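Engineer: Next one to model:
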Amino acid sequence: MSPVNKSKPEPRRAKLPPKTAGAVSRQAILDTAARLFRQEGYAATSLRAIAGACDMKAGSLYYHFESKDQIVSEVLDIGVQRVFDAVKAAVEALPPAAGLAATLQCAIEAHLRALLHAHDFTSANIRIFGQVPTDVRASHRALRRRYEDYWRNLLASLQLRGEIRAENDLQRTVFFLFGAMNWATEWYDENKSGLAVVAGELADLVVNGLKPRSSARPGIQRPKQGKS
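Structural biologist: A predicted model of the protein is given here:
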């Protein structure tokens, strides 16, 4: 009778404990939170979910952040600040005599590149801004306004040089541009066209609507205000 071959059971692997607070960087937590906010929305993303995605205990988040609202506030700010910094750097690199078309294409392309490079942060900003508490929106709105003001002042400098017609409402132009650019997070496909091409097309569209009208080219007639 042959001896029974008793195989030794495999040693049980010890379950690794969750990472400690110091083992997970603050930026890694923000990166994870931005992704979850973008995917799930504000209400559905809890501190426990963020901690779990970082493989750490929920209580360990308090090593870096005081609350969920502090996390979401920083996510919102990063989303705008990265785009703001990229646009400023690109425009400041232009020659002083750069005209309307070149300036717009440069600024639009820089906005789009930063927008899509920091996709989780920028997309989260666009998706959840209306979902976050009022005080978080209020604290973040100041940065949004500074970025809007930067674009409006940029256009105003071109308007003073006669490259944009005087009667154009620059604030509405900025809102139009932001709406067109920010929506790129939903439709842009890098396999179909490059960002430089998209930026050039959008800049051309805007420039043709902003150029001073010649006397031979009548503008759109605005409807007269009727008496109520």
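Engineer: Now for residue 190, how many residues are close by?
Structural biologist: Each residue near residue 190 was counted by other CB atoms under 10 Å, and the total is 9. Using the backbone N, CA and C atoms, a C-beta is placed for each residue, glycine as well.
Engineer: Equivalent analysis for the one 4 residues further on, please.
Structural biologist: When neighbours are counted by other CB under 10 Å, residue 194 registers 10.
Engineer: how near is it to residue 207?
Structural biologist: Computed as CB to CB, to the nearest Å, the residue 194 to residue 207 distance reads 19 Å.
Engineer: and the nearest residue to residue 52 once chain neighbours are set aside, how far is that from residue 182?
Structural biologist: Ranked by CB to CB, 6 or more residues apart in numbering and with sequence neighbours excluded, the top spatial neighbour of residue 52 is residue 58, at 7.7 Å. From residue 58 over to residue 182 the distance is 32 Å, taken as CB to CB.
Engineer: can you give me the offset of the lengthiest helix in the chain from its chain's centre?
Structural biologist: Ranked by residue count under DSSP state H, the longest helix found in the chain is helix 134-160. With CA atoms, centre = their mean, to the nearest Å as the basis, helix 134-160 stands 14 Å off its chain's centre.
Engineer: Can you list the buried residues in it?
Structural biologist: Neighbour-count burial for helix 134-160, counted by 16 or more other CB atoms under 10 Å, picks out 136, 140, 144, 147, 150-152, 154-155, 158-159.
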